[in-house]
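1. Provided below for reference: sequence and predicted model.
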Amino acid sequence: MKNLALSFLLLICLSAVSQKDISPEDVHASLVQGKKKSLIAYAGKEHSFTMEITSPNVKPSDIPGFITINKQIVQSTLLPASKASGMNALTPSKEKEALLNYMNYELGYYRKKLKQDYSHLQTEWISLQGRTFLLWYFDMPKNYKLVSRQIYLSTLFYDQVMDLNAPVFKLNDFAKAKETVLKLAGTFKVYDKQINPDQISRQLNK
């Protein structure tokens, strides 16, 4: 029963950032484990990214797309940002506007389509290595016993949004979950090519 409840929880977290018009390339980044460090890696046809994990306590979850870092569950997801052209040349204010529009769309989907209520939404702009991130989190309903709070950290990745999601089971774990996603985002590295996760894995495990 415990595994079944956890699986249901993770699927709910996944659905919270799902859209019907996701293209085949819009997938979850995968975990590439190494001896001394690991990476969260996404290999797109033209653009890729990685995020570094220095903790040895990392492993894949039973649910595809989720990983566990020091007992904190994290998911990295790519979703469409806009069908409009020029997403790569936005001014800082337009970039923030695009991220806010994305957040509001997802919250609307979360409340109207998934019938999941939330409260105490808070947002914060964060700059890491010259890249703009929108940190947003909210409390789950009091009668929702599985997760207390949801944390998202979003940034533009060409015409997509890269989301880091960390469900918080107990409010006492909020600081740990927030620190986990911020630490990952601080290592966000973009490649204007398709990377090879298998090759990276061999390098990390030499």
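-> Yep, that arrived.
2. okay, and the beta partners of the spatially most central residue of the chain?
-> Most central residue of the chain, judged by C-alpha distance to the mean C-alpha position with C-alpha atoms, centre = their mean, is L164 at 1.8 Å. Beta-bridge pairing of L164 under DSSP bridges involves S76, L153.
3. tell me how far it lies from I151.
-> L164 sits 8 Å away from I151, taking C-beta to C-beta, to the nearest Å as the criterion. Heads up, the C-betas are built off the backbone N, CA and C, glycines and all.
4. what's the overlap in contacts for those two?
-> Common neighbours of L164 and I151 (criterion: C-beta atoms under 8 Å, 6 or more residues apart in numbering): V181.
5. any buried residues in stretch 105-116, and which?
-> Neighbour-count burial for stretch 105-116 flags 106-107, 109-110, 116 (criterion: 16 or more other C-beta atoms under 10 Å).
6. where does the prediction get shaky in the protein?
-> The chain contains residues with pLDDT under 70 at 1-27, 63-64, 82-89, 114.
7. which residues of this structure fall in helices?
-> For the chain, the helices defined by DSSP state H cover 2-15, 92-108, 174-185, 197-204.
8. just the buried positions in the second one, please.
-> I take that to be helix 92-108. For helix 92-108, the neighbour count (16+ other C-beta under 10 Å) marks 95, 98-99, 102-103, 106-107 as buried.
9. mind listing residues that contact that helix?
-> Under C-beta under 8 Å, 6+ apart, the answer for helix 92-108 is 16-17, 79, 81-82, 87, 90, 118, 121, 123, 125, 132, 134, 136, 138, 152, 154-156, 161.
10. follow-up on the earlier one: adding distance to M51, write the buried residues of helix 92-108 out as a markdown table.
-> Output for those, formatted as a markdown table (distance: C-beta to C-beta, whole Å):
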| residue | distance to M51 |
| --- | --- |
| E95 | 20 |
| A98 | 21 |
| L99 | 18 |
| Y102 | 19 |
| M103 | 20 |
| E106 | 21 |
| L107 | 24 |
